[in-house]
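[1] When you get a sec, could you give me coordinates for this:
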Amino acid sequence: MPATTVLRPRSRTLIIAATVPLALAVLLADDVRVRRQLDAARKDPLTGLPGRDALTHRTGRLARTHREQLHVLVADADGLKAVNDSLGHAAGDALIAAIGHRIGAWAAARGGLAARLGGDEFGAALLLPPTATLRETAALREQLEQPVDHNGHILRPAVSIGTARAVDLPDAAGASRLLRGADMAMYRVKTGEQPHGYLATRHDAYTPTVHGRRPGRPGTHLPVG
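    Take a look at the predicted model:
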């Protein structure tokens, strides 16, 4: 007769105990894989940057922990419509991709995060000494405006940048106020109302929105009176 192996109760306990770490390891591996897939899905396919939610989350966290050094920037490409109209949308996409990659690398090199906010608008949150604000934003603008070669056409980006420093705003100003301030500062630079290097004020951060959008955006206006 074939031999029969009988597991004693202690042996069964040892086998079960040995399989638990393996099962947990499989579950953890699956969790990591799913998280990576979700992170990849949230990134903009053209630039590889995350979106507004990631930037808002990072800004809020830094506002609570490193407020004295927190800088939020909004950068907008000028003249994209002219590029699309003259050379096609592929050229416009190449311009957006180049700007996205550059601002992403610039922010990452300084321990910060950049995001694509939509269209040709980008944002970044990072820690800088207040004394370095103008020097660093000028260096970023220089990098973003380097020529882009697209199918033999040399594209020359022009970028408007607005900066909000948490230290310049009330302590209660959170992520949404900092982003609004940087966005308004960018708009004032873009329209020529303020020179490059303009820093957001309390008024910029608390400018009323129209349907959640900055005044001056297409389709918005401030009520009269």
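[2] Ramachandran coordinates for residue 105?
    Per-residue torsions, residue 105: phi -70, psi -40 (degrees, to the nearest 10).
[3] which residue sits closest to residue 194, ignoring its sequence neighbours?
    Closest residue to residue 194 apart from its sequence neighbours, by Cβ to Cβ, 6 or more residues apart in numbering: residue 188 at 4.1 Å. Every residue, glycine included, has its C-beta placed from N, CA and C.
[4] Report the buried residues of the helix or strand that contains residue 143.
    Using DSSP states H and E, residue 143 sits in helix 133-144. Buried residues in helix 133-144, counted by 16 or more other Cβ atoms under 10 Å: 133, 136-137, 140-141, 144.
[5] and if you look at stretch 63-78?
    Across stretch 63-78, burial judged by 16+ other Cβ under 10 Å covers 63, 67, 69-77.
[6] Looking at those, which are in strands?
    Counting by DSSP state E, these place 70-77 in strands.
[7] could you point out which element follows the helix or strand hosting residue 182?
    Taking DSSP H and E as the criterion, residue 182 maps to helix 175-190. Where DSSP H and E defines the elements, the next helix or strand beyond helix 175-190 is helix 202-205.
[8] so the residue sitting nearest the centre point of the chain, which of the three states?
    Nearest to the geometric centre of the chain sits residue 115, at 1.9 Å (Cα atoms, centre = their mean). At residue 115 the chain is in strand, as set by DSSP: H, G, I helix; E, B strand; the rest coil.
[9] so what does the helix holding residue 182 touch, helix or strand wise?
    Where contact means 3 or more Cβ pairs under 8 Å, 6 or more residues apart in numbering; DSSP states H and E, helix 175-190 is packed against helix 52-65, strand 70-78, strand 121-127, strand 158-165, helix 202-205.
[10] how about low-confidence regions in this structure?
    For the chain, the stretches with pLDDT under 70 are 1-20, 22-41, 210-225.
[11] Break it down into its structural domains.
    Using automatic domain parsing, the domain ranges for the chain come out as 10-40, 52-205.
[12] possible to save those as a markdown table with distance to residue 46?
    Below are the domains of the chain laid out as a markdown table (distance: least, Cβ to Cβ, whole Å):
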| stretch | distance to residue 46 |
| --- | --- |
| domain 10-40 | 14 |
| domain 52-205 | 5 |
